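In: How does the following fold in three dimensions:
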Amino acid sequence: MEIGFEELAKNVNNPNFGDDRLGVMFYLRVMEDENASREAGRKIFVEKEFVKIMVPGDRLNVIDRPVQKTGTIPTDDRMRFAKQYERFKAREEQKLVDGTPIHLWPQIPAALAEEMKYLNIFTVEQLADLADTYVSKIPQGQALKARAKAFVLAMKDQEQVNKLQAQLSERDNRIAALENELK
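Out: Reported below is the predicted structural model:
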């Protein structure tokens, strides 16, 4: 989904606008602690938290750096990407973004799914929201993007159906309980 001018204008002061479209991964990197090494007279290594921020569709637009811990939004990576950081700290399997993994989508060949990962597109939702600039880099990109949008809409519709079914089931249970009380 392309971002329109109105949406940009509404979010001009929102420092985290668009962050939900990014692929974000926290990880540990072993690095030499130069001060401790100098004091100890031998190499001392420590684990440091790093963050990798990727723009879906643009392989060259990747930020890979130590986690910034300023204590204020938007410069504190732990606060800016809180959900991903919590997963990282809990040592859960790291998912770059929420959504349907592109390799599990039956409408895309496995080879093209791997190519999508190479372009930092990890979910069907990211493909559906991909800017046209990047869609042109993918073979049959416009058709795939259209199918991805249709898939995402169908999933949202199915989610609504499931909610309604749950509400109806709950209502039926309450009616049955009230009927039992009247007997």
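In: ok, and for stretch 115-122, which residues are buried?
Out: Residues of stretch 115-122 classed as buried by neighbour count (16 or more other C-beta atoms under 10 Å): E115, M116, L119, N120, I121, F122. C-beta here means a position set from N, CA and C on the backbone, and glycine is covered the same way.
In: In helices, which of those residues appear?
Out: Taking DSSP state H, the ones among those that sit in helices are E115, M116.
In: Same list, the buried residues of stretch 115-122, but as JSON lines with pLDDT and distance to E32 please.
Out: Below are those laid out as JSON lines (pLDDT from 0 to 100; distance: C-beta to C-beta, whole Å):
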{"residue": "E115", "pLDDT": "85", "distance to E32": "36"}
{"residue": "M116", "pLDDT": "85", "distance to E32": "36"}
{"residue": "L119", "pLDDT": "86", "distance to E32": "33"}
{"residue": "N120", "pLDDT": "84", "distance to E32": "29"}
{"residue": "I121", "pLDDT": "87", "distance to E32": "35"}
{"residue": "F122", "pLDDT": "84", "distance to E32": "32"}
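In: mind giving me the domain split of this structure?
Out: 1-96, 99-183 (automatic domain parsing).
In: comparing those domains, which gets the lowest mean pLDDT score?
Out: Ranked by mean pLDDT, the domains of the chain bottom out at domain 1-96, with a mean of 77.
In: Could you name the helices and strands sitting against the longest helix seen in the chain?
Out: If you go by DSSP H, the chain has its longest helix at helix 141-182. If you count contacts as 3 or more C-beta pairs under 8 Å, 6 or more residues apart in numbering; DSSP states H and E, helix 141-182 packs onto helix 124-128, helix 132-135.
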